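>>> Predicted structure and sequence below. I'll ask about it afterward.
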Protein chains: 4
Amino acid sequence: MCAKSVQSHRKDEHLFLAEKFFTQQAKSDFEQVRFIHQSLPESRLADVDLTTHFAGFTLPLPLYINAMTGGSAQAQKLNAGLAQVAAALHIPMATGSLSIALKEPETVASFQVTRQHDQRGLLFANLGADVTVAQAQQAIDVLQADALQLHLNAPQELVMPEGDQSFRWLDNLQTLRQQITVPIIVKEVGFGMSQETLAKLTSIGIETVDVSGRGGTNFIQIENERRHQHDYSYLADWGQSTVESLLESQASQKHLTILASGGIRTPLDAVKALRLGAQAVGMSGTILHALQHHDVTAVIAWLQDWCQQLRGLFALLGCHDLTALRHAPIV
Amino acid sequence: MCAKSVQSHRKDEHLFLAEKFFTQQAKSDFEQVRFIHQSLPESRLADVDLTTHFAGFTLPLPLYINAMTGGSAQAQKLNAGLAQVAAALHIPMATGSLSIALKEPETVASFQVTRQHDQRGLLFANLGADVTVAQAQQAIDVLQADALQLHLNAPQELVMPEGDQSFRWLDNLQTLRQQITVPIIVKEVGFGMSQETLAKLTSIGIETVDVSGRGGTNFIQIENERRHQHDYSYLADWGQSTVESLLESQASQKHLTILASGGIRTPLDAVKALRLGAQAVGMSGTILHALQHHDVTAVIAWLQDWCQQLRGLFALLGCHDLTALRHAPIV
Amino acid sequence: MCAKSVQSHRKDEHLFLAEKFFTQQAKSDFEQVRFIHQSLPESRLADVDLTTHFAGFTLPLPLYINAMTGGSAQAQKLNAGLAQVAAALHIPMATGSLSIALKEPETVASFQVTRQHDQRGLLFANLGADVTVAQAQQAIDVLQADALQLHLNAPQELVMPEGDQSFRWLDNLQTLRQQITVPIIVKEVGFGMSQETLAKLTSIGIETVDVSGRGGTNFIQIENERRHQHDYSYLADWGQSTVESLLESQASQKHLTILASGGIRTPLDAVKALRLGAQAVGMSGTILHALQHHDVTAVIAWLQDWCQQLRGLFALLGCHDLTALRHAPIV
Amino acid sequence: MCAKSVQSHRKDEHLFLAEKFFTQQAKSDFEQVRFIHQSLPESRLADVDLTTHFAGFTLPLPLYINAMTGGSAQAQKLNAGLAQVAAALHIPMATGSLSIALKEPETVASFQVTRQHDQRGLLFANLGADVTVAQAQQAIDVLQADALQLHLNAPQELVMPEGDQSFRWLDNLQTLRQQITVPIIVKEVGFGMSQETLAKLTSIGIETVDVSGRGGTNFIQIENERRHQHDYSYLADWGQSTVESLLESQASQKHLTILASGGIRTPLDAVKALRLGAQAVGMSGTILHALQHHDVTAVIAWLQDWCQQLRGLFALLGCHDLTALRHAPIV
Ligand SMILES: Cc1cc2nc3c(=O)[nH]c(=O)nc-3n(C[C@H](O)[C@H](O)[C@H](O)COP(=O)(O)O)c2cc1C
Ligand SMILES: Cc1cc2nc3c(=O)[nH]c(=O)nc-3n(C[C@H](O)[C@H](O)[C@H](O)COP(=O)(O)O)c2cc1C
Ligand SMILES: Cc1cc2nc3c(=O)[nH]c(=O)nc-3n(C[C@H](O)[C@H](O)[C@H](O)COP(=O)(O)O)c2cc1C
Ligand SMILES: Cc1cc2nc3c(=O)[nH]c(=O)nc-3n(C[C@H](O)[C@H](O)[C@H](O)COP(=O)(O)O)c2cc1C
């Protein structure tokens, strides 16, 4: 890869700042959701089955690695690691936005490395909501992607020094939905969704949505750190938390498959998100943080433990699968 | 200007103490009002139009510099700077109370300097609610003022060592309203307004009111600092916050044009005040603070950025103008 | 006075510990009661009339010095000072419990000193609720007292190392009410009253009650400090705060004249207590604290200022007297 | 006793960690329950009768020492002390789980020491809910136990490195209830109970339940400290507090006798638990802590004082017995 482009440099800044601002305690409001403890769960860990379904896929675990990176040497290395983790755990993985790969073809390899390390796994290609059908198809082809993730990131664009100044995406989303043949997942990037947003997405035929809420990685904070002249720190709390977004989604859950991300740290966060209607949970910041401090083998082991704890929590709640979990009493 | 009078000295103390007690985080309750984030605003920054109307004026920006000073050498310098900022931004500006100018004619120049630096701009002459019609007219003439601001400041008078002991102003306000030909704006000085106060003002025909609420500059704190014998620190939280005042004003908004000031720091505070019914927002403490730390050119640049951010927030909310903003969902 | 008796020593310990635990911020919940600020009070300080009535007395100020001390040399000195303050302000004063004077006649002078310094003022003799009619009459005679204060102090007795173990007082209170000819005021000692307590007092014909609530001087804390073996610190929050007690008293205010004490520090506390139904407010800890740090002349000046501020707050609220204050809007 | 087994070592770790994490302020929500203070309780300490009944026993005090230990030399020493305290106070005592004694017969003595020191007292044998009838009978025989305590501890098993992975206990509990002739008490170990759990227990004929709630000794914290690879610290707040559990139990109180433990520290905690429906309260952590810092004689004296204070609180509330206490007003 040649001398870093401005875009490529930005990708490295994102990685650096996401890790810099990472905190062990997310602020996604999961601590405000409490399960009622049952002293007689009448369950066995061995009987717990975590199988889930979304976007036409059947998955052994309700977990995926969410969109992060691509477009620089550092990103390539990270993508390789993430893909190995995904392959070992048999969980899906999304790359970061491929828009840089469309503009700077020499960066394609930093994305394709995920397919090399996870040949049979589920890979999601990520792009903004303003791409053309041709661009989207190219990104899918490059990765042999199993699904297309389209992100909505208005607050990030606003604060980003070089950001877009137009937030008109709905018509284009509809066109993409009509023309692209792989499943489409529309996602936020950490500011959560409202009833109104979910209703708009339903109205144009979108079927799978990742509400990606506030409380974990914060792209207003990250982009604001990259500005010299403006100060957007007053926007730091913008958006709906992951829990608020899941509550906002209750009415849409009949028509939409909901995924949840944003500040998922612990298996308890995950089981709460699943209880509130998510079919699976995505993690970015937490896995990035793990890979910055440990090698791939250690991260795989940690994530396997993590999933085993998830299984244990289902048992503790007396629920042998996702359907049963949906009726676990909460306050 | 000759040796400082007692009154003139008091004006300098106000400037000094307002700056001394200035805090970056105001306590006007704006953090308790939250917008619902919409991931699909379907808007463009270029389409946002911030035009507003009040007191018969049409203004490109819903912002003005609120009453502060006059009456000393330091005040004159500050007024010059404020007027340059107002002229550059095309926003109105109010002077501090002209009562000193009526008593000490040699201080008139410290007020007139605003007209010199902002010849075509909107200037508001400020006075207490107990002045005679002749005094009011004189103050207007001195400044060629476009409107008359009349302040209600009972708590300040109470705590002020040399303060008034009568708070009977309603009849005089009515007389002023009937006799003065420029538009009248009745304002608080940072203690906010109640439904009852707004109803009284409506009953005597007042049409434009600045609720100037608690949370920013605090004149009980300032005047208490000037006392030696009494201790009024227990009154420090007196009054309705700016947000509370705007909520109190909901019923009156049919009959009254509401302006908001008191602890406006960020463009997000402003957009919340506008959402709650203000036709424009006034800033005193924040601009005073900026001018104490930066030269006029820098303050103009900062305030232009500030207004650009305000525009951006409208776009983020999917609102192209003030009318649309009034329907943006809040919690 | 001869070598200190055990009882007399206890009186000095009370004074020492009350002052030791004195805090500028009481916890009587007054900060939870807020007046609505009115920008147009339409009032004049000169027109405010603070006259009040209770127990058959008409008083220029709604304030009295509440029961504290007597029974030691130190107490005598303090009582002299308190009486001088009471005389200068024309406010009533209660002595501490005279039970020691009944048992140890040589301590009578430490009480009578109040009458010497306040010959024409209103003095209240204080005793426990278990005294005989003869004892009560003796205490009244000793002081030429204008009223009899009877205290209810079960929590104090419980925690006090040498405390009473019987809390049966109702029948005796009724007897006292029937036989004693001066007005009777039944009071708590800082643990507040409940609806049930007030109803019991009404049922036996009591007409004037000082709810003396939690938040100021705390006799559980004071008596616990005097214990070596037991630890009652877990009881430190026992009782109803003064504000809670006043709210509890709403239903009884038709039949009972309510006085308020417990953590009255500022004129704003007082005006809130009066707004909630008190006919007058009593202070002990605050005045004790003032007299420990300043001479009598200074305390008189401070209390005169304090009353002037009280007058100012009535004006700020647009209320010229107690009747008007009862309708001032609060939240 | 021979070289420590793994199990025996675990018992010592429990003692060490329970004491290490002991805090003077429990988090069982007792501070959220407040009694209304009555200034006229019309009671006498001498008339208070604390007699209670549960599981067929009549007891002079509503207090027992809850299950803790056995199975090591240190445990034996502690059990001796606990039994002496129980004997002196005439209160029941439960041993720790006898499962180690069933597997390692040489540890039996560390349990039997309780009967030696408290020959005529009430002793409860403690076991898990998965034991056979024969094992339960053996444990009862070993101690000449007066009742059988069966614990439900799913969260502890989950976090415990060597924990059980099956939480199916209901059928076995029913069998035990049918076959064992001494009274059975089903208890939690500090995670509290829910309505659902209590309903299940009622449905199989259980009559006495110790809800043992969250807020005192925390076995998730203790077992997590014993893990090297997993981190369950996110589960630290799991479960219902003792107060929440008592509120959950309201509907079941007609059919079930409720006992309360978990974070009982002060006589005020106890009287609140009794007010909320408990027939008696159990303490483990508090008594363990006392015995670690003081000799048996001192602990007996302290606990006698503690009970005397309990008596005093009944008097302060105007309640002469448990039946009256149930009607004391709370908020
Ligand atoms: C370094 C980094 C880069 C990211 N880049 C993208 C991206 O290119 N496209 C996207 O849709 N989301 C991106 N995200 C957002 C995540 O997919 C996710 O929505 C958000 O981080 C919230 O999840 P978290 O709290 O688990 O990190 C990125 C996140 C991180 C940490
Ligand atoms: C130094 C200073 C002097 C002021 N003098 C006046 C005045 O003369 N007349 C008036 O109506 N308000 C006066 N104000 C009050 C402001 O107009 C405004 O109502 C109040 O400061 C709340 O706004 P802020 O929080 O943005 O400062 C003054 C404020 C400051 C900071
Ligand atoms: C030193 C001291 C001694 C007191 N002694 C008595 C007393 O003898 N009788 C009585 O009724 N109250 C006594 N009180 C209680 C007060 O009268 C009053 O009810 C209580 O202190 C609450 O008011 P405060 O917070 O203003 O101190 C005493 C208070 C203090 C500070
Ligand atoms: C060191 C220790 C060991 C314990 N062992 C047992 C046990 O073997 N069986 C049981 O049912 N509970 C056991 N417990 C739990 C207690 O019986 C009780 O339910 C819990 O500690 C909550 O009460 P506390 O807050 O007063 O300690 C133990 C508690 C402690 C402190």
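Cool, got the structure. Ligands and ions are numbered 1, 2, ... in the order given.

>>> is chain B contacted by the helix or strand hosting A:D171?
For A:D171, the element it lies in under DSSP states H and E is helix A:170-179. Yes - applying CB under 8 Å from any CB of the partner chain, one finds helix A:170-179 touching chain B at A:L170. Any C-beta I mention is one placed from the backbone N, CA and C, and that applies to glycine too.

>>> by contact count, what packs against the helix or strand following that helix?
Once the chain leaves helix A:170-179, the next helix or strand it forms, by DSSP H and E, is strand A:184-188. Using 3 or more CB pairs under 8 Å, 6 or more residues apart in numbering or on different chains; DSSP states H and E as the contact test, the elements touching strand A:184-188 are strand A:147-152, helix A:170-179, strand A:208-210, strand A:257-261.

>>> Switch these over to CSV; also include distance to D:A147 and mean pLDDT.
Below are the helices and strands packed on strand A:184-188 laid out as CSV (distance: least, CB to CB, whole Å; pLDDT from 0 to 100):
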stretch, distance to D:A147, mean pLDDT
strand A:147-152, 60, 98
helix A:170-179, 67, 98
strand A:208-210, 54, 98
strand A:257-261, 48, 98
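
>>> Mind checking the ones you listed for the one nearest to C:N218?
strand A:257-261 (49.7 Å; CB to CB).

>>> Would you list the strands that the closest one pairs with, along with their directions?
Strand A:257-261 has its sheet partners listed here by DSSP bridges as strand A:208-210 (parallel), strand A:280-283 (parallel).

>>> The helix or strand following the longest one and ligand 1, any residue contact?
What it means is strand A:280-283. Downstream of strand A:280-283, the next assigned helix or strand under DSSP H and E is helix A:285-293. Yes - Helix A:285-293 is in contact with ligand 1 by CB under 6 Å from any ligand atom, via A:G285, A:T286, A:L288.

>>> so who does A:M93 touch?
By CB atoms under 8 Å, 6 or more residues apart in numbering or on different chains, A:M93 lies in contact with A:Y64, A:I65, A:L82, A:A83, A:V85, A:A86, A:T114, A:D118, A:G121, A:L122, A:L123, A:F124.

>>> Give me the neighbour count for the fourth one.
By that I understand A:A83. 23 (other CB atoms under 10 Å in any protein chain shown).

>>> cool, and the third one?
With neighbours defined by other CB under 10 Å, the count for A:L82 comes to 28.

>>> my guess is it meets A:Y64, correct?
No - between A:L82 and A:Y64 there is no contact under CB atoms under 8 Å: 10.8 Å.

>>> got a list of what A:D130 touches?
Applying CB under 8 Å, 6+ apart, the residues contacting A:D130 are A:D164, A:W169, A:N172.

>>> Provide a list of residues in contact with the last one.
By CB under 8 Å, 6+ apart, the contact set of A:N172 is A:A129, A:D130, A:V131.

>>> For chain C, what is the nearest residue in the stretch 1-150 of chain A?
Closest residue of the stretch 1-150 of chain A to chain C, CB to the nearest CB: A:Q32 (24.6 Å).

>>> From what I see, that residue and A:T242 are in contact.
No - contact between A:Q32 and A:T242 fails when scored by CB under 8 Å: they sit 11.1 Å apart.

>>> Pick out whichever of these two has more residues nearby.
A:T242 (34 against 11).

>>> which residue sits closest to that one, ignoring its sequence neighbours?
A:G213 (3.2 Å; CB to CB, 6 or more residues apart in numbering or on different chains).

>>> Surely the one you found and A:S28 touch.
Yes - contact status for A:G213 versus A:S28: in contact at 5.9 Å, counting by CB under 8 Å.

>>> Identify the contacts common to those two.
A:S241, A:T242, A:V243, A:G262, A:G263.

>>> So for ligand 2, which of the helices and strands packed on strand A:184-188 sits nearest?
strand A:147-152 (35.4 Å; CB to the nearest ligand atom).

>>> close to ligand 1, is the next helix-or-strand element following the closest one?
Helices and strands here follow DSSP H and E; after strand A:147-152, the next one along the chain is helix A:154-159. No - applying CB under 6 Å from any ligand atom, one finds helix A:154-159 separated from ligand 1 by no less than 8.9 Å.

>>> the helices in chain A, which residues?
Ranges of helices in chain A, per DSSP state H, are A:6-20, A:73-89, A:99-103, A:109-117, A:133-143, A:154-159, A:170-179, A:195-203, A:219-225, A:242-248, A:267-275, A:285-293, A:296-316, A:322-325.

>>> related to what we said a few turns ago, quick one: contacts for the residue nearest to A:T242?
A:28, A:188, A:190-193, A:239-246, A:260-263.

>>> what's the answer for A:R10, then?
Per CB under 8 Å, 6+ apart, neighbours of A:R10: A:E162, A:R226.

>>> Against A:S252, how distant is the residue in the stretch 51-200 of chain A that chain C sits nearest to?
The minimum distance from the stretch 51-200 of chain A to chain C, using CB to the nearest CB, falls at A:S194 (31.2 Å). Here A:S194 is placed at a distance of 10 Å from A:S252 (CB to CB, to the nearest Å).

>>> Looking at those two, which one has more neighbours?
More crowded of A:S194 and A:S252, by other CB under 10 Å: A:S194, with 23 against 20.

>>> Quick check: phi and psi on the more buried one?
phi -110, psi 160 (degrees, to the nearest 10).

>>> wait, which of the residues of helix A:285-293 next to ligand 1 is closest to chain B?
A:G285 (19.1 Å).

>>> what's the burial count for the closest one?
A:G285 has 24 nearby residues by other CB under 10 Å.

>>> That one reaches A:A18, doesn't it?
Yes - the criterion here is CB under 8 Å, and A:G285 meets it with A:A18 at 5.9 Å.

>>> Tell me the residues that contact both of those two, please.
Common neighbours of A:G285 and A:A18 (CB under 8 Å, 6+ apart) are A:T217.
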